[in-house]
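1. below are the sequence and a predicted model for it; my questions follow.
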Amino acid sequence: MDDLVALATQQLGRVKVLCTQSGLKYAELAPTFMGAGIAIGFGETDYVILSVAGGGNENQLLITSGVLNDVTQDRAIALEAANYFTSNNSAYPVYLHDAEVGWALLMQQTFPVELLLDVPAFFVNFCVKALPQVAVSYRQTIAEKWDLGGRPWQWTTEDHNGLLIRSMM
């Protein structure tokens, strides 16, 4: 496994340096068979996962925030919500991640690592700090418009690991 994620881990190391230089504190996450990641939190349900996937995608940073976990498994309603947010604000796209372990709505941005290293203010303000704030707003809209159930992703090891794996799938 180490060989498969070595470059991803190396790229994530560069992102960690950027985080430290920008005053962002992060929590280390154990590498997976798909890549490596860290979590940056702002509250119990307000955080992002920064991940780099292996297998040829190591030049891209995936910036993921969970909107809702364990949503009702109604594809039409879940996709309607995801499409509503993405079509109204494509800078913060939402997608449905349906898996045997449960369905979730995730928000994810993908940018070249080099771009984010070159423009730290964009990385910090438009990506890392903004995604959790937008996720809160999206949760409120979902509660008003759709009966999707679900729960916010929590600042726990279990949710971090689940969101890390989903971020790279």
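-> All right, it came through fine.

2. and the helix or strand that contains Ala143, what other elements does it pack with?
-> Remark: Ala143 resides in helix 130-145, with elements defined by DSSP states H and E. Applying 3 or more Cβ pairs under 8 Å, 6 or more residues apart in numbering; DSSP states H and E, one finds that helix 130-145 makes contact with strand 47-53, strand 60-71, helix 75-88, strand 102-112. Where you see a C-beta, it was placed from the backbone N, CA and C, and this is true even at glycine.

3. not counting the last one itself, show me its contacts.
-> Residues outside strand 102-112 that contact it (Cβ atoms under 8 Å, 6 or more residues apart in numbering): 59-73, 78, 81-82, 85, 91-97, 123, 127, 131, 134-135, 138, 142, 148, 150, 153, 163, 166-167.

4. partner strands of that strand, with direction?
-> Strand 102-112 pairs in its sheet with strand 60-71 (antiparallel), strand 94-99 (antiparallel), by DSSP bridges.

5. who touches the helix or strand just after it?
-> Next in sequence after strand 102-112, counting helices and strands by DSSP H and E, comes helix 113-118. For helix 113-118, contacts defined as Cβ under 8 Å, 6+ apart pick out Gln11, Arg14, Val15, Leu18, Val52, Asn59, Gln60, Leu61, Phe122, Phe123, Cys127.

6. same deal with stretch 154-165?
-> Contacts of stretch 154-165 from elsewhere in the structure, counted by Cβ under 8 Å, 6+ apart, are 27, 29-30, 32, 34, 37, 39, 41, 43-45, 47, 49, 51, 64, 66, 69, 101, 106, 153.

7. you'd agree Thr64 is up against Val52?
-> No. With contact defined as Cβ atoms under 8 Å, Thr64 does not count as touching Val52 (11.7 Å).
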